[in-house]
Structures are given as structure tokens and as C-alpha cells.
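Trainee: Structure here, sequence nowhere to be found:
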């Protein structure tokens with residue numbers, strides 16, 4: 001340990017010397033030590049900025065990071081000096097309702113500030129004279145987000161609950177904006193745009209979140225070129241669009257969704273549980289998209305190595321021999337380990353290499369044993385995090401995937417069975433003879449309500465492992481599946497035969513178009529999922545990358561805390577109390593380990609690594625697993641109970657049962673399911 005510390009000190013000393021000598025070295029040093037694990041462990045409250053009289057709904061750093069803007073229910077915008085904790089400018093924005101978004105206009109010398117509010121208006125302000133210089137009133141419902149792009153310094157976009165994404169060009173004398181995207185043409189009149197973001201590395205890409213589980217990524221350039229070609233007589237300009245009835249051109253939009261969410265919509269709707277993307281943002285290098293999914297978890301999508309949802313969950317009619325899978329065209333009907341064109345559920349055969357046999361280096365074997373011990377103590381989250389640590393170091397070990405799947409299945413938080421299914425398939429691809437992964441796969445399919453597929457998978461399991469065909473676990477699962485098939489209703493039949501539940505919503509005003517159905521069927525799946533927070537009460541809750549390389553993920557929560565995860569392992573590493581009620585906003589500083597947060601309290605809080613002499617316990621949530629479990633129960637609670645919780649009442653019955661309760665079938669699956677390898 002002493003040797004490691006000494007080596008670390010030598011490396012830092014060398015980096016400091018290079019920083020002083022070379023300008024490039026200084027930039028590399030700043031990025032490498034921007035946000036590190038020791039900094040995260042020492043993160044604490046530096047100051048509270050007081051000046052607003054209502055909830056602070058939005059925060060925004062300027063490009064240099066020496067100014068911080070905030071907008072509030074009090075309809076005022078404040079520009080702060082965050083390092084001296086001072087108000088520099090306070091101005092009434094002219095809005096008549098809550099401000100939801102505030103942005104500095106790029107390349108304006110931090111002189112121009114844009115705000116969007118619940119009065120359906122977008123205002124542009126000149127901070128040097130504290131005046132509103134433009135007022136746009138084209139939206140017909142609340143404006144939730146503003147986005148800007150350095151490549152287009154006079155242009156910005158807005159997303160509003162009228163389902164419209166509008167584009168503005170301040171070079172034009174017109175006081176009107178143009179419609180860039182009209183979601184109502186695809187999703188009906190009830191769709192609401194909630195958030196949007198521009199890719200920082202390629203400003204032509206715009207991500208849009210709305211109510212529902214799907215997030216859309218648009219190519220603005222393609223939309224512009226398409227509409228310009230349809231209207232050859234129009235003058236040039238990035239905002240020149242034809243009539244909004246014209247469709248988005250083919251290839252100009254890609255959808256992303258957590259693979260299990262579309263099939264859960266029917267169940268969520270029955271429980272009055274709303275899914276809505278409350279925030280979208282890109283990673284610093286522009287290759288990843290982060291989504292805070294209200295009513296569910298935080299999801300990370302890889303925009304380079306795209307992952308199709310595990311395709312046996314799609315309606316059979318969606319598959320074709322030339323379908324694109326994981327960025328490549330599949331001609332043999334194989335995707336994610338499943339033969340699609342066979343009427344029977346059949347797993348791909350394969351050979352197992354020595355690196356996949358299960359042998360681990362000594363330090364990873366120790367981690368695996370610690371995870372197994374946590375599993376034996378029924379500490380499912382701790383086991384998952386330890387298995388994830390091992391998988392990060394060696395990604396081709398079937399045993400670690402299989403064991404983590406077992407822990408997911410025992411914990412049973414929202415999305416856990418789908419993550420377990422993904423792990424089972426990875427384990428089987430690495431080791432086709434992995435008995436437990438085969439059986440757990442059948443159980444996951446059953447738990448995800450794919451009963452017919454579960455029966456086919458179980459039959460496949462019996463054929464591969466005849467010695468297990470009449471075990472108590474196999475018989476119990478077989479009995480459960482056949483009972484479910486017998487009682488299956490016509491509505492659940494629709495999910496397998498027609499796909500109505502996965503891709504369509506039922507109703508007159510929210511019926512989707514055929515183009516929308518096709519786009520949803522072509523959605524890409526997530527890479528990582530981050531659990532522990534709760535996002536059900538507000539629809540402006542943010543999640544952000546933290547660090548110059550996006551090493552950490554941060555999100556607010558309904559319990560008044562904010563959560564920090566490692567990006568690659570998805571392990572929860574820290575929880576801090578950031579508000580008396582709800583943390584909505586988290587905006588990391590562009591170049592320092594410095595975080596600004598806000599929520600229901602009328603203050604802005606600033607966080608940075610504190611000296612070791614300071615006591616951080618006042619804000620640190622020590623029982624992270626307990627807090628995460630409580631939030632999972634909260635997300636699954638009755639809406640009335642959630643309202644009472646937000647009012648400060650204690651619901652005694654809420655801790656019973658819930659997603660982390662005991663597994664009713666724990667004894668029925670025998671050794672095939674319960675014990676990790």
C-alpha cells in the first residue's frame with residue numbers, strides 16, 4: 001500500500017512539472033485530475049447562495065466557468081460569482097410564471113441570457129443593461145428547456161409541452177421562430193417535449209426527450225437540407241423550413257429506449273406511474289447520451305457501438321433477414337445470441353475459450369468470493385457492485401455475468417430482470433455449457449411476462465441438460481409457466497402476436513403514426529443503468545456527466561439527495577443531502593471539481609472537495625443501500641402515498657414488500673438459481 005501511494009505521488013509530481021513546462025501538459029493535467037475518486041470521497045458543501053424567493057429550477061455555467069446563472073419560480077434570473085459567493089446581476093425576466101431553463105448565448109461575451117418559462121414564452125436578455133430585448137410567444141404550452149450550440153452562435157432551440165421543438169435565429173428581424181420538429185405529427189396531441197440537448201462535438205445532432213420511454217436523436221442538418229430541397233425558392237439560412245406537415249426525412253432520426261420499458265408501459269399506466277424523459281445530455285466527447293427517465297432509472301446509451309434491444313422481445317413480424325443488428329446487417333437471423341427465424345427458441349452454439357472457463361486472477365477471485373459472501377448474506381446490491389467491479393476488469397468471464405444475473409433476480413428492482421436477462425445471454429455466449437445461465441434465462445423471460453418464450457427456453461434447457469429436466473426447480477418453473485399460459489388473457493396475447501403493447505399506445509388523441517411505430521421498432525438499447533435515486537415528483541430532474549471524461553454520473557432525487565455513480569461499473573459511490581425536499585438541478589463546472597445544485601429550497605448550493613480537517617458527516621448519507629432501497633419503494637408506491645411522503649408524512653406500511661422484498665419463489669428454484677458459482 002505504501003509503495004502504491006509513493007508511486008502515485010511520483011506520478012503527480014512528474015505531471016506537475018510537465019504542466020509548468022508545456023501548455024499541452026497543463027491541459028492534460030487539468031483533464032486527468034479534474035474529478036478523481038479521492039475528490040469524490042471528499043466532496044462536501046462549500047456555500048449556499050441566497051437571493052431567490054422560490055424554487056430554483058435551472059442552473060447554467062458560462063463557458064469559462066467564472067459565472068453561474070440561475071432561474072427560479074420567483075421569475076427572476078440571477079448571475080453569480082461562484083468563487084466569491086456573490087450576486088453580480090439580479091433581474092426580473094418579464095416572465096409571468098416559473099422559469100424552467102436559462103442559457104448563456106455562445107460567443108456573446110456572456111452578455112446575452114435566454115430564459116424559458118411556464119408562461120409558454122422564451123425571452124432574450126441583455127445583461128449589460130438588464131433589459132429583455134426579444135420576447136417569443138410562439139409556444140402554446142410550458143417551455144421546459146433551451147439549448148444552444150457554439151457552432152451556431154446566433155441560433156438556439158426550445159422544447160415545450162405543446163410537443164414542438166422550435167428554432168430561433170437572432171440575426172433575423174422577425175420576432176417569430178420556426179418549427180424544427182413537431183412531435184404531435186407522430187405521437188398525437190398529448191405528446192409533450194420535456195428536454196433537449198445539442199451534441200457538444202457535433203452541433204448538428206439534437207437529442208429530444210418527451211413523455212414516454214423513447215428518446216430521439218435528430219440530425220438537424222439533414223432536416224434542413226431535406227426541407228430546403230422541398231422549397232427551392234426559399235432563401236438560405238439554417239432556420240428556413242417548409243410547412244411543418246412535411247415529415248422528417250428518412251435517416252434523420254434515431255430512437256433510443258431501455259429495452260424492457262415499452263412492454264412495461266401497460267403495467268405502469270395501470271398503476272398511474274408515468275414515464276417521461278426529464279433530462280438528456282451528451283458526454284463530453286459526444287459519443288454517449290445520458291437520460292434521466294422519470295418514473296424509472298438513469299440510462300446511458302452508446303452512440304458509437306449501438307446495441308439493439310434483445311430482439312426476441314420484439315414482435316416476430318419486425319424481423320427480417322437483412323435487419324441491422326448492433327450496427328451491422330445481419331443476414332443469418334442471429335442477434336444477441338438468439339436464432340430469430342426458427343419457430344423454436346434456440347440458443348446459439350459456440351466454443352468456449354480458456355479465458356472464458358471461469359479462471360480468474362487472484363485479486364479478482366478474491367472480489368468474486370466477497371461478492372458470493374454478500375450474496376449469501378442477501379446483500380444483493382453489494383454483490384452486484386462487486387461482480388460489476390470484476391466484470392470491468394475482465395469482461396469475458398461467464399461466471400461473473402451468471403452470478404450477477406442471480407443477484408439482479410433476487411434484488412428485483414425496476415429493470416433488474418432485464419439486466420439479468422442481458423447477463424444470462426452474455427454468459428451463454430461466453431460459455432454455451434453454462435447450466436445456471438440457461439435456467440435463469442427461462443426464469444427472466446417468465447418474470448418479464450414472455451411466457452411462451454419462457455416455455456420454449458425451458459424446453460431448450462431440458463434438451464441440453466436432461467439430468468436437470470425433472471429437478472424440483474425445473475418442475476416448479478414449468479408449472480408456473482403453464483399456469484400462466486392457461487390464464488393468459490387476450491390483451492397479453494397481443495404483446496406476442498401483434499406488438500401493440502410494445503410500440504403503440506391506446507387512445508384517440510395519443511395514437512401514433514405508422515412512421516412512429518417503425519422508428520420505435522428500430523430503437524437502440526442502453527449500455528448502462530444507474531439505480532438508487534427516485535424521480536417521480538418533478539419533471540425537470542437532471543442527470544449529468546461529472547469529470548472531463550465523464551467518469552462519474554450525478555443525478556438529483558425526490559428524497560432531497562443527489563447520487564454519484566461510477567460510469568463504467570454503474571456502482572453507487574456517494575450520496576449527499578442537497579435539499580430539504582428535492583434536488584432537481586446538478587450542473588458540474590466545465591473545468592474544476594465543482595458542482596452546483598438546486599431544488600425546492602430557494603438557494604443554490606456549491607460543492608467541492610473539502611479539506612480533510614472538515615467534518616462532512618452532516619451532508620453525507622452513510623447508509624447508501626438503505627437510501628436506494630427506500631427510493632425503489634417510493635417509485636413503486638401508490639401516487640397518494642408519494643404525495644403524503646412529499647408533504648412530510650411517514651408511511652409505515654411502505655417499507656413492507658416492495659421491489660426489495662423476499663423472493664416468494666426462493667426455495668422453488670433450487671441450486672440452479674439461488675447460489676452463485
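Mentor: The structure has been received and is ready for your questions. Please read all numbers here as calculations on a predicted model, not as lab measurements. Numbers count the residues shown, from 1 in each chain.
Trainee: Please count neighbours and contacts with C-alpha atoms only from this point.
Mentor: Noted.
Trainee: ranges for the strands of the stretch 101-250 of the chain?
Mentor: Applying DSSP state E, counting those that start in this stretch to the stretch 101-250 of the chain gives strands spanning 112-117, 122-126, 131-136, 143-148, 155-160, 164-169, 178-182, 193-198, 205-210, 215-219.
Trainee: Return the most buried member of these.
Mentor: Mean neighbours per residue, mean count of other C-alpha atoms under 10 Å, is largest over the strands of the stretch 101-250 of the chain for strand 193-198, with a mean of 28.
Trainee: Quick check: residue 560 vs residue 220, distance?
Mentor: Distance of residue 560 to residue 220, computed by C-alpha to C-alpha, to the nearest Å: 37 Å.
Trainee: sorry, back to before: among the strands of the stretch 101-250 of the chain, which comes closest to residue 401?
Mentor: Each of the strands of the stretch 101-250 of the chain has some distance to residue 401 by C-alpha to C-alpha; the shortest is strand 215-219, at 28.0 Å.
Trainee: Run the chain-centre distance for the closest one.
Mentor: 15 Å (C-alpha atoms, centre = their mean, to the nearest Å).
Trainee: ok, it: who's next to it in the sheet?
Mentor: Strand 215-219 has its sheet partners listed here by DSSP bridges as strand 205-210 (antiparallel), strand 253-256 (antiparallel).
Trainee: Now tell me what touches that strand from outside.
Mentor: Residues outside strand 215-219 that contact it (C-alpha atoms under 8 Å, 6 or more residues apart in numbering) are 204-209, 252-257, 277.
Trainee: same check, this time on stretch 577-584
Mentor: Residues from elsewhere that reach stretch 577-584 (C-alpha under 8 Å, 6+ apart): 57, 538, 540-542, 556-562, 597-601, 605, 619-621, 646.
Trainee: again, but for stretch 194-205
Mentor: Here stretch 194-205 has contacts from 144-151, 158-161, 206-211, 217-221, 276-282, 284-286, 539-540, using C-alpha under 8 Å, 6+ apart.
Trainee: ditto for stretch 563-571
Mentor: So stretch 563-571 is contacted by 385, 388-389, 392, 528-530, 532-533, 550-557, 572-576 (C-alpha under 8 Å, 6+ apart).
Trainee: Restricted to helices, list those residues.
Mentor: Per DSSP state H, helices hold the following members of those: 385, 388-389, 392.
Trainee: Just the buried subset of those residues, please.
Mentor: Among the ones in helices among the contacts of stretch 563-571, those scoring as buried are 385, 388-389 (criterion: 16 or more other C-alpha atoms under 10 Å).
Trainee: Dump those to TSV, plus pLDDT.
Mentor: Output for those, formatted as TSV (pLDDT from 0 to 100):
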residue	pLDDT
385	97
388	97
389	97
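Trainee: Among those, which one sits closest to residue 403?
Mentor: Distance to residue 403 across these (C-alpha to C-alpha) is lowest for residue 388, with 10.1 Å.
Trainee: ok so, going back, and the buried ones among the contacts of stretch 577-584, selectable in ChimeraX?
Mentor: Only the buried entries of these go into this ChimeraX selection, using 16+ other C-alpha under 10 Å:
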select :57,540,541,542,556,557,558,559,560,561,562,597,598,599,600,601,605,619,620,621
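Trainee: ok, back up a step: for ChimeraX, what selects the buried ones among the contacts of stretch 563-571?
Mentor: Buried subset of the contacts of stretch 563-571, written as a ChimeraX selection, criterion 16+ other C-alpha under 10 Å:
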select :385,388,389,528,529,530,532,533,550,551,552,553,554,555,556,557,572,574,575,576
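Trainee: so of the contacts of stretch 563-571, which ones are in strands?
Mentor: 528-530, 552-556, 572-576 (DSSP state E).
Trainee: now those residues in JSON lines, with pLDDT and distance to residue 74?
Mentor: Below are these laid out as JSON lines (pLDDT from 0 to 100; distance: C-alpha to C-alpha, whole Å):
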{"residue": "528", "pLDDT": "98", "distance to residue 74": "37"}
{"residue": "529", "pLDDT": "98", "distance to residue 74": "35"}
{"residue": "530", "pLDDT": "98", "distance to residue 74": "33"}
{"residue": "552", "pLDDT": "97", "distance to residue 74": "32"}
{"residue": "553", "pLDDT": "98", "distance to residue 74": "30"}
{"residue": "554", "pLDDT": "98", "distance to residue 74": "26"}
{"residue": "555", "pLDDT": "98", "distance to residue 74": "24"}
{"residue": "556", "pLDDT": "98", "distance to residue 74": "21"}
{"residue": "572", "pLDDT": "98", "distance to residue 74": "34"}
{"residue": "573", "pLDDT": "97", "distance to residue 74": "35"}
{"residue": "574", "pLDDT": "96", "distance to residue 74": "32"}
{"residue": "575", "pLDDT": "97", "distance to residue 74": "29"}
{"residue": "576", "pLDDT": "97", "distance to residue 74": "26"}
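Trainee: Closest to residue 627 out of those residues?
Mentor: residue 575 (8.7 Å).
Trainee: Contact partners for the closest one?
Mentor: Residue 575 neighbours (C-alpha under 8 Å, 6+ apart): 561-564, 620-622, 624.
Trainee: Between the residues you listed, which sits nearest residue 475?
Mentor: Closest to residue 475 out of the contacts of residue 575 is residue 624 (38.2 Å), distances taken as C-alpha to C-alpha.
Trainee: Quick one: neighbours of the closest one, just the number.
Mentor: By the measure other C-alpha atoms under 10 Å, the count of residues near residue 624 is 17.
Trainee: ok, for it, nearest residue in space, not its chain neighbours?
Mentor: In space, and not counting its chain neighbours, residue 624 is closest to residue 575: 6.6 Å by C-alpha to C-alpha, 6 or more residues apart in numbering.
Trainee: and the gap between that neighbour and residue 547?
Mentor: Taking C-alpha to C-alpha, one finds residue 575 at 17 Å from residue 547.
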